[in-house]
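A.B. asks: quick one: sequence and predicted model below, then my questions.
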Amino acid sequence: MRQTSIRVGAIALALTVAATPAAATSHPDVRQPTLTGFASLPAQTYVPASEPSGAALGTAPINGVQPPFADQPVQGFSGILRAGAGTYEVLSDNGYGTKANSADFALRVQRIAPVFRTGAVDVLGGFNLTDPDGKVPFPLVRPDRVLTGQDFDVESIVRAVDGTYWFGDEFGPFLLHTDRAGRLLSAPVPLPDVRAPENPYLAGGTPNLPSSKGYEGMATSPDGRYLYPLLEGTVTGDPAGSLRLYEFDTRAGAYTGQRWVYRLDAPNHAIGDAIAVDANRFLIIERDGGQGDAALVKKIYLADRRDKDGDGALDKTLLVDLLNIANPRRLGGFGEVFRFPFVTIEDVLLLDERTIAVLNDNNYPSSSGRTPGQPDNNEFITIRLPQSLHPDPRALR
């Protein structure tokens, strides 16, 4: 069944709940993390006049939605950047969850604008990731060299000082560098001595990283020189639940050899995103695999690589419990305690020294954390913190 595509930049996408009465810019004084903005992009939103997608999902309904789709869904937000004037760039990941079922999903950066006054999200366009100059040395799915979810699983995004982009991939894991239009500038940069099962160079060898557990988060230093990509999974031989945080020098185009450890609260947890607050501190999303009422751990930590307690891992301070956010104004039509109960929460952004934005990856059409049996929308929330994070001003660019 063909779904109606949304005309880009022209139609506000209506909520299924009451309109949100207040925006994220009101800056209230709060004593606990408090919801200040809520907007929602309907799950069944597609890139207009794009290409069919989801053929490998079969034809049986998933959460009431029947694949395949006549167009590319606007979904899977796994990284976020400012784009100016209240707009943002969000990264759609590999598509439908695996290398095998995502060959017809074009990797894409979407441009969106939340409208907190109404609770809607406008889709303003975007661009696909491509390799017109043949930088990728292994075969791609499409002869036109538009990158797909079978080629890479991009999960993190950084904009460099010169306006180019760096992406963290899970399949290699690789780092990808593109120009402003998403065209690859160089060959994918592999991570030395670490390979996932999907790595195209594995050649029958033994992987030492679990499937799709490569670069889930990636921060950049305030001066833009270094990238800090964070694995989602534990490398074979490392202690259970320990994740490697690497340092990559963008000037040299190489890893520096420095690395740190982020220790999960439990080995079965995963990280969802990592961004820089300053030269030493990061915001890191940690989550369990539950959704809806089964969601127990959805947290944002402030992590410090200076390891002041000397335990060999980043120091962690709980910043926000995403299942227990104060909502005194009942934004979005929810109660006084707001829950963000999604299986994958993969976007965090500093808006100012006391306000963060958080988005979910809705895994369309598979996740149903908000309403059982219905595909999740992409929700965009803002949270006011009780105290300033005192970020480096360059982290707010």
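C.D. replies: Sure thing, it's come through.
A.B. asks: kindly check the end-to-end length of stretch 318-335 for me.
C.D. replies: 23 Å (C-alpha to C-alpha, to the nearest Å).
A.B. asks: just how off-centre is it within its chain?
C.D. replies: Distance of stretch 318-335 from its chain centroid, counting by C-alpha atoms, centre = their mean, to the nearest Å, is 21 Å.
A.B. asks: next one: stretch 142-162
C.D. replies: Centroid separation for stretch 142-162 versus its chain: 13 Å, with C-alpha atoms, centre = their mean.
A.B. asks: same question for stretch 261-276.
C.D. replies: Distance of stretch 261-276 from its chain centroid, counting by C-alpha atoms, centre = their mean, is 14 Å.
A.B. asks: ok, Tyr364 - contacts?
C.D. replies: Tyr364 sits next to 43, 65, 73, 75-76, 375-376 when contact means C-beta atoms under 8 Å, 6 or more residues apart in numbering. C-betas here are computed from N, CA, C, even on glycine.
A.B. asks: correction: the previous question concerned Asp376.
C.D. replies: Listed by C-beta under 8 Å, 6+ apart, the contact partners of Asp376 are 43, 342, 360, 362-364, 367-370.
A.B. asks: what of Asn360?
C.D. replies: Going by C-beta under 8 Å, 6+ apart, Asn360 touches 77, 340, 342, 344-347, 369, 376, 378-379.
A.B. asks: just the element for the residue sitting nearest the centre point of the chain, please.
C.D. replies: The centre of the chain sits closest to Ser78, judged by C-alpha atoms, centre = their mean, with a distance of 1.8 Å. For Ser78, the element it lies in under DSSP states H and E is strand 77-84.
A.B. asks: can you list the buried residues in that strand?
C.D. replies: 77-83 (16 or more other C-beta atoms under 10 Å).
A.B. asks: any stretches of the stretch 1-150 of the chain with poor pLDDT?
C.D. replies: By pLDDT under 70, the low-scoring segments of the stretch 1-150 of the chain are 1-26.
A.B. asks: for it, which segments are assigned as strands?
C.D. replies: Applying DSSP state E, counting those that start in this stretch to the stretch 1-150 of the chain gives strands spanning 34-41, 46-47, 72-73, 77-84, 87-92, 108-115, 120-128.
A.B. asks: repeat for the stretch 251-397 of the chain
C.D. replies: Using DSSP E, counting those that start in this stretch, strands in the stretch 251-397 of the chain cover 254-263, 270-276, 281-287, 298-304, 315-321, 325-326, 337-338, 345-352, 355-360, 378-384.
A.B. asks: which one of those strands lies nearest to Gly214?
C.D. replies: If you check each of these against Gly214 by C-beta to C-beta, strand 270-276 wins as the nearest, at 11.6 Å.
A.B. asks: what is the closest one packed up against?
C.D. replies: Applying 3 or more C-beta pairs under 8 Å, 6 or more residues apart in numbering; DSSP states H and E, one finds that strand 270-276 contacts strand 215-220, strand 226-231, strand 281-287, strand 345-352.
A.B. asks: if you set the cut-off to 6 Å instead, what comes out?
C.D. replies: Under the contact definition 3 or more C-beta pairs under 6 Å, 6 or more residues apart in numbering; DSSP states H and E, strand 270-276 sits against strand 215-220, strand 281-287, strand 345-352.
A.B. asks: who are the neighbours in contact with Leu230?
C.D. replies: 217, 245, 274 (C-beta atoms under 6 Å, 6 or more residues apart in numbering).
A.B. asks: now do it against Asp223, distance only.
C.D. replies: 19 Å (C-beta to C-beta, to the nearest Å).
A.B. asks: mind putting the buried residues of strand 77-84 into a markdown table with distance to Val189?
C.D. replies: Formatted as a markdown table, the buried residues of strand 77-84 follow (distance: C-beta to C-beta, whole Å):
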| residue | distance to Val189 |
| --- | --- |
| Phe77 | 24 |
| Ser78 | 19 |
| Gly79 | 17 |
| Ile80 | 22 |
| Leu81 | 20 |
| Arg82 | 25 |
| Ala83 | 25 |
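A.B. asks: re the thing from before, want to throw the helices and strands packed on strand 270-276 into CSV with mean pLDDT?
C.D. replies: Converted to CSV, the helices and strands packed on strand 270-276 look like this (pLDDT from 0 to 100):
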stretch, mean pLDDT
strand 215-220, 98
strand 281-287, 98
strand 345-352, 98
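A.B. asks: before we move on, the earlier item: so which of the strands of the stretch 251-397 of the chain gets nearest Pro28?
C.D. replies: The closest of the strands of the stretch 251-397 of the chain to Pro28 is strand 378-384. By C-beta to C-beta, the value is 6.0 Å.
A.B. asks: what about His27, neighbour count?
C.D. replies: The number of residues packed around His27, counting by other C-beta atoms under 10 Å, is 11.
A.B. asks: right, I mislabeled it, should have said Leu319
C.D. replies: Other residues close to Leu319 by other C-beta under 10 Å number 21.
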